[in-house]
Every structure is written in C-alpha cells, then in structure tokens.
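Asks: 3D, please:
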Amino acid sequence: MSQTNPDKDSPASEAKKTISLPTSRVRLIMKSSPDVSSINQDALFLTTKATELFVEHLALTSFTNGSGREANTLDYSDLAKTAEETDIFHFLTDILPKKILARDYLDSLEQLQDEDADF
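Replies: The predicted structure follows:
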C-alpha cells in the first residue's frame, strides 16, 4: 500500500519552481506566430527555461564587460555594447542599438544627404 507524502511536491510543481518568467506571457508570444497551432506543456516549459538562461547569460556578459561593474549596476548602454561587440549576441544589434543624441543623428543624416548630392 503506497501513501502519498503531502510534503513532497509533484514533478510538475517542482518544475514550475525552477522558472521565474511567466509561462502565460511566453505562451502568448509563441501563439503570436502563425505557424503555431498548439503548444505542448513540455515545449512551453523548455522555451521558458531557455529564454531565462539566454537573458541571464546576456546580463552576466554585459555586466562583466560593462562600465557599471564598480557601481554594481547594469545599464542599457552595457547591453547595447555587448550586442555590438560580442559575436554570439550580434544578432541583437537591431533590437539593442546604441543610443545617440538627436543632434548627432541629424548631423549624420545631413552628411549622408551631402554625400548623395555629390554623386
């Protein structure tokens, strides 16, 4: 005769404790793809966990290489620098562009227009 121990959690609830991103948001993002018709619970868990690990790796790399190490902070500029300078994060350069002042942008735009007019 087997007894269940109320102190022990089920494997499903144990797995939920190991992730911190809300699975409902991840499911919503996954369902936004027209190629996805249904989402298996295991696939949802693995995608959520992989996303957490990716974000953690990006944050740790950015913190290690960033300027806020002394102050124990992580800024957007650290993330943008990591995306631009690290090969494995280079695909994020469109999502995490370096911030520039509007004045600098307008100056560079004007230079481009001058170069196009010369041709």
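Asks: Could you give me the buried positions within the longest helix along the chain?
Replies: Counting by DSSP state H, the longest helix found in the chain is helix 41-65. Neighbour-count burial for helix 41-65, counted by 16 or more other CB atoms under 10 Å, picks out 44-45, 47-49, 58, 61-63. For glycine as for every other residue, the C-beta is placed from the backbone atoms N, C-alpha and C.
Asks: Show me how far stretch 81-91 is from its chain's centre.
Replies: Averaging C-alpha positions (CA atoms, centre = their mean, to the nearest Å) puts stretch 81-91 12 Å from its chain's average.
Asks: Need the CA coordinates for it. CSV is fine.
Replies: What follows is stretch 81-91 as a C-alpha-only set of coordinates in CSV (Å, rounded to 0.1, in the frame of the first residue of the first chain):
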residue,chain,number,x,y,z
LYS,A,81,27.8,47.4,-26.2
THR,A,82,27.6,43.6,-25.7
ALA,A,83,25.3,43.2,-28.6
GLU,A,84,27.6,45.2,-30.9
GLU,A,85,30.9,43.7,-29.7
THR,A,86,30.2,40.1,-29.0
ASP,A,87,29.7,37.7,-31.9
ILE,A,88,27.1,35.5,-30.2
PHE,A,89,24.9,38.5,-29.4
HIS,A,90,25.5,40.4,-32.7
PHE,A,91,22.0,39.4,-33.9
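Asks: quick one: which of the buried residues of helix 41-65 is nearest to Tyr105?
Replies: Proximity of the buried residues of helix 41-65 to Tyr105 (CB to CB) peaks at Ser62, which lies at 23.8 Å.
Asks: residue contacts, that closest one?
Replies: 74, 78-79, 81-82 (CB atoms under 8 Å, 6 or more residues apart in numbering).
Asks: The same query, at a cut-off of 7 Å, please.
Replies: 74, 78-79, 82 (CB atoms under 7 Å, 6 or more residues apart in numbering).
Asks: And Glu52, by the same measure?
Replies: 19-21 are the contacts of Glu52 under CB under 7 Å, 6+ apart.
Asks: between those residues, which is closest to Glu70?
Replies: Ser20 (27.3 Å).
Asks: what about that closest one, which SS state?
Replies: Put simply, Ser20 is coil when judged by DSSP: H, G, I helix; E, B strand; the rest coil.
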